[in-house]
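Enquirer: For reference, the sequence and a predicted model appear below.
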Amino acid sequence: MKFSKFGQKFIQPTGISQLMDDLGDALKSDKPVNMLGGGNPARIEAVNELFLETYQALGSDGSFNNSEETNSTATSSMANYSNPQGDAAFIDALVGFFNRHYDWNLTSENIALTNGSQNAFFYLFNLFGGAFVDESSQDKDNKSIDKSILLPLAPEYIGYSDVHVEGQHFMAVLPHIDEVTHNGEAGFFKYRVDFEALEKLPALKEGRIGAICCSRPTNPTGNVLTDEEMAHLAEIAKRYDVPLIIDNAYGMPFPNIIYSDVTLNWDDNTILCFSLSKIGLPGVRTGIIVAAPEVIEAVSAMNAVVNLSPTRFGASIATPLMKNDAIKDLSDNEIKPFYQQQAKTAVALLKKELGDYPLSIHKPEGAIFLWLWFKDLPITTLELYERLKEKGTLIVPSQYFFPGVDVDNYKHAHECIRMSIAADEDTLEKGIAVIGEVVRGIYDMAK
Ligand SMILES: Cc1ncc(COP(=O)(O)O)c(C=O)c1O
């Protein structure tokens, strides 16, 4: 069969398709696999219990009743489409929740739901990146200008890479790499935004940037951009009249997998993206966008065409948990401490295995990963990935996390790996032992 250019773009092998295939194969495999590769959240008993309880209550609260009488109430959610903006009762609960915890003064016109936040990024990057009408052009026949999404700090989330319908429209700024200590220990580094390089980008001045976007905490690195960095980015976004998109998939107030002391701000020029995935519900595919009403209207219109209406299943489970703040309590008291402990365990294991080798770890500040830098590794981490896979351990090599960067000319992009810390302790131990053995062997061979 012949597929269109649109189809061809999506069926090419991509970083994310390899990752998802490996993840799927590992789950199906009958051989033991140390899964340190995926983005799946951990199984946390208290979390699962609460979701199960809430889920079981759905059957008795009228969620499946589509009679006229209940049609307009929140309790008939599952048996009816919502409007394209998303489940109204959940949106109202979110408005109440955010206004209780922040001084954002939101209304229901500031929130839209999507089928996962990946779906939101597909919309947003195609809304703000790609071909625009160039209002300033004098040439009547050539009034089009291509705009990119600016990623102020590479590396960034693998899932952004291939979402553009036409072309690749990312521009990324390479990081400053600072050596830092972590809990008083050496052997760590932290990426910081290179504002000097960013401000010099001709594309900003020439109006060829459509939006600025960062994940915070960052997937893959566990970095948390500081409040100062965020304020500076917000100021640049306003100066150039483009929105600042903040991917808050791991951030506060839920799942709150963030250990540094920072704040979360929102204003009309900010587009905040949340997700129910990392609180432990990736299968319900629920993303939440908080933005100015014109963005919400555009997203709702896209929802209507692509999905009719977004899924209401996650909304049904999360509505009562937003209303009584259980989602925040769960995040603060179960989810965050769990990952903080996992990061501590993984760091200790890595130091034990590779303490005498040129390993540097990105300071763990949040998210569900550690980002390891093997300085001057004699092979690329894509090759390392293959060697580890042969030994039943899955990680993700770094080269995929540099959308908008020419990785062929950036050695650092081939020296790092992302490892998940969501696995149980036994898997972490076995997986890190394999990483230790293989990496030690590679450095020793080159001596
Ligand atoms: C930084 C980041 N953003 C967005 C997503 C997409 O999440 P979902 O579509 O499950 O909401 C992920 C998933 O791993 C992520 O890590």
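Expert: Right, received. Where do you want to start? A quick note: this is a predicted structure, and the numbers were derived from the prediction, not measured. Residues are numbered from 1 along each chain as shown.

Enquirer: So N265, which state does it fall into?
Expert: coil (DSSP: H, G, I helix; E, B strand; the rest coil).

Enquirer: contacting residues around it?
Expert: Counting by CB atoms under 8 Å, 6 or more residues apart in numbering, N265 touches M230, A231, A234. For glycine as for every other residue, the C-beta is placed from the backbone atoms N, C-alpha and C.

Enquirer: Which of the helices or strands spans the second one?
Expert: In this assignment (DSSP states H and E), A231 forms part of helix 227-239.

Enquirer: can you list contacts of the helix or strand just after that helix?
Expert: Using DSSP H and E, the next helix or strand after helix 227-239 towards the C-terminus is strand 244-247. By CB under 8 Å, 6+ apart, the residues outside strand 244-247 that reach it are 117, 121, 124, 128, 149, 157, 211-216, 230, 233-234, 237, 269-273.

Enquirer: Same question for stretch 330-337.
Expert: 44, 46-47, 50, 252-259, 278-280, 321.

Enquirer: what comes up buried for it?
Expert: Buried residues in stretch 330-337, counted by 16 or more other CB atoms under 10 Å: L330, S331, D332, E334, I335, K336.

Enquirer: Just the ones of those residues in helices?
Expert: In this view, the buried residues of stretch 330-337 that belong to helices under DSSP state H are L330, K336.

Enquirer: Output the buried residues of stretch 330-337 as a markdown table; include the columns pLDDT and distance to the ligand.
Expert: Below are the buried residues of stretch 330-337 laid out as a markdown table (pLDDT from 0 to 100; distance: CB to the nearest ligand atom, whole Å):
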| residue | pLDDT | distance to the ligand |
| --- | --- | --- |
| L330 | 96 | 17 |
| S331 | 97 | 15 |
| D332 | 97 | 20 |
| E334 | 97 | 19 |
| I335 | 98 | 15 |
| K336 | 98 | 16 |
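
Enquirer: Output the buried residues of stretch 330-337 in a markdown table; the columns should cover distance to V439.
Expert: Listed next are the buried residues of stretch 330-337 as a markdown table, based on distance: CB to CB, whole Å:
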| residue | distance to V439 |
| --- | --- |
| L330 | 36 |
| S331 | 34 |
| D332 | 36 |
| E334 | 33 |
| I335 | 30 |
| K336 | 30 |
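
Enquirer: which two in the buried residues of stretch 330-337 are spaced the farthest apart?
Expert: L330 and K336 (9.5 Å; CB to CB).

Enquirer: need the strands for the stretch 301-447 of the chain, in chain order.
Expert: Taking DSSP state E, counting those that start in this stretch, the strands of the stretch 301-447 of the chain run over residues 359-362, 369-374, 393-394, 396-397, 416-420.

Enquirer: ranking those by burial, who's on top?
Expert: strand 416-420 (a mean of 26; mean count of other CB atoms under 10 Å).

Enquirer: Can you tell me the strand partners of that one and which way each runs?
Expert: strand 369-374 (antiparallel), strand 396-397 (antiparallel) (DSSP bridges).

Enquirer: leaving aside the residues next to it on the chain, what's closest to E166?
Expert: G130 (5.6 Å; CB to CB, 6 or more residues apart in numbering).
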